[in-house]
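**Q** Pasted the sequence and its predicted model underneath.
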Amino acid sequence: MNHLNPLFGKIVAFLFVLACILSQSAVQAQGVEEDALTEQESVTFYPVSVEKAFNELKQINKPIFLYVYTRFTPECNRMKKTVFVQPDVAALINDQFFPISLELQSEEGMQLRNKYELTNIGMLQYPVYLFLNPNGELLYKDNGFKTPADLMVLANKVLGLAEQHEDEVKFEPAVTEYKEFFDYLQQYRNGNKQPDFLRGLAYKMREYNELYQVVVDDYLTITGPQNYLNPSESRFILDFADNVHSMAYSILTTNRNFFVSQFSKAEVDKTIEKAIRQFVVSLANAGNTVSAPDLKQISEKIRLSGLSNAGVCEISMKMLYYEKAEKWDEYANAAVAFLGTGKEQQPELLDNIAWNFMQQVAQPEMLQKAQLWMQEAINQKPANFKYRETCAALLYKVGKPDKAMKETEKAIEVARQQGVDYSTTLKLQEFIRKSKPIPADFRESED
């Protein structure tokens, strides 16, 4: 494998500083364990998202070691405390790979479950080790606790596989674009608590998709309550009120009328709903069963939010909770309560929910309601062929392949009139002809 130049070694040092900061920040802000290790001899996980690694660090000439962990599996903590701190393991992984850690319950973790086929791995079988090439293609996958010797054997096996891809184009490491960010973090670690600096750092951390609530709280603590309602500070508070446990969110909801007067009701409500949505997703991802205390928390957060559409928001958030927890009967009942006949609802929303029904719901009466919603969506936007595609899938689900095929033909006709790609409809026709089930990732395959 090629070795990186000395400049990259300096950047690794910056990244190590960043890992330490984020580890401290995560514990203080959310109580969520961060994978960044503080021991000098340990695997140093680069604190960038997987998407950042693929999109902005494509020039690296090392395979990627993606460590997928869960907060609730003891073996994940055991790996951190007893294996990644071993000097031989750290030297091999840090030198030959680009290590990234990913929490399974995070939003990005949820998005990557299907891509790397993590859905069939039980919680007690974590952690998962994904070895990828710089383009994100899977070289090797394994899971479960590994002794230091086991992990080193596995890593060397992957290096052998990576050697087979040496004909791929090589690039120089892309690091200069991150230097300013690393400099900011170094100053913060050295005790820089100047308000202007903290404000800039918060925006930088948000840009790089890193935990920033501790920095935001530091800034708000230093500026003081007397300044919270100043127009110059209100934008900052609104920008960072995306966590229901944060100071910024508390300030926003406590002084909602002021923020509405400064911005707009729509923008304030959107910020509050986004924070509540993230809270709901975190609750659903934390367990495998629907919890009455969870539902009570959701209701309470919405009640205290001041949202004018609190009733509708509560039903939609409970739908989201059921969806993420994969409790489809409860999801279906909540959807029916939320949508009613489907009139006066956004067609795209009707389509998304009806597609979930097609994939996950078995009750005939529920599927019939989904068909009515799609008729409403078509009435509102007859030029969108996707809605007819969903109708066809629903008809196929209830055992009416002939009608489903006719609906796909209508969808294709609409798509041709609009001059848009209808290849997915052709794929749907193929499933219907061969009497095959529509795969769970059918819509994702469009991309």
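**A** Everything's here; your move.
**Q** Which residue ranges of the stretch 1-150 of the chain form strands?
**A** Using DSSP state E, counting those that start in this stretch, the strands of the stretch 1-150 of the chain run over 64-69, 98-103, 128-132, 138-143.
**Q** Counting neighbours, what do you get for the residue nearest to Pro231 when sequence neighbours are not counted?
**A** Computed as C-beta to C-beta, 6 or more residues apart in numbering, the closest residue to Pro231 that is not its neighbour in sequence is Gln262, at 6.2 Å. Placement of C-beta: from N, CA and C, glycine included. Residues within reach of Gln262, counting by other C-beta atoms under 10 Å, total 17.
**Q** I'd like the strands of the stretch 1-150 of the chain laid out as TSV, including mean pLDDT.
**A** As requested, the strands of the stretch 1-150 of the chain are exported to TSV (pLDDT from 0 to 100):
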stretch	mean pLDDT
strand 64-69	92
strand 98-103	87
strand 128-132	92
strand 138-143	90
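**Q** Not counting residues beside it along the chain, what's closest to the spatially most central residue of the chain?
**A** Nearest to the mean C-alpha position of the chain, by C-alpha atoms, centre = their mean, lies Glu107 at 2.2 Å. Closest residue to Glu107 apart from its sequence neighbours, by C-beta to C-beta, 6+ apart: Val281 at 6.6 Å.
**Q** My guess is that neighbour contacts Gly109. True?
**A** No: applying C-beta atoms under 8 Å as the test, Val281 and Gly109 come out as separate, 10.8 Å apart.
**Q** ok, the two, which is more surrounded?
**A** Neighbour totals were compared for Val281 and Gly109, and Val281 leads with 20 against 17 (other C-beta under 10 Å).
**Q** Give me the residues contacting the strand or helix carrying that one.
**A** For Val281, the element it lies in under DSSP states H and E is helix 265-285. With contacts defined as C-beta atoms under 8 Å, 6 or more residues apart in numbering, helix 265-285 is touched by 104-107, 110, 238, 241-244, 249, 252-253, 256, 259-260, 291, 294, 297-298, 301-302, 305-309, 313, 317, 320-325.
**Q** Now list the buried members of those.
**A** For these, a burial check counting by 16 or more other C-beta atoms under 10 Å picks out 104-106, 110, 238, 241-244, 249, 252-253, 256, 259-260, 294, 298, 301-302, 305-307, 313, 317, 320-325.
**Q** Could you list which of the residues you listed belong to strands?
**A** Judged by DSSP state E, strands contain none of the buried ones among the contacts of helix 265-285.
**Q** Among those, which lie within helices?
**A** Among the buried ones among the contacts of helix 265-285, the subset assigned to helices under DSSP state H consists of 110, 238, 249, 252-253, 256, 259-260, 294, 298, 301-302, 305, 313, 317, 320-324.
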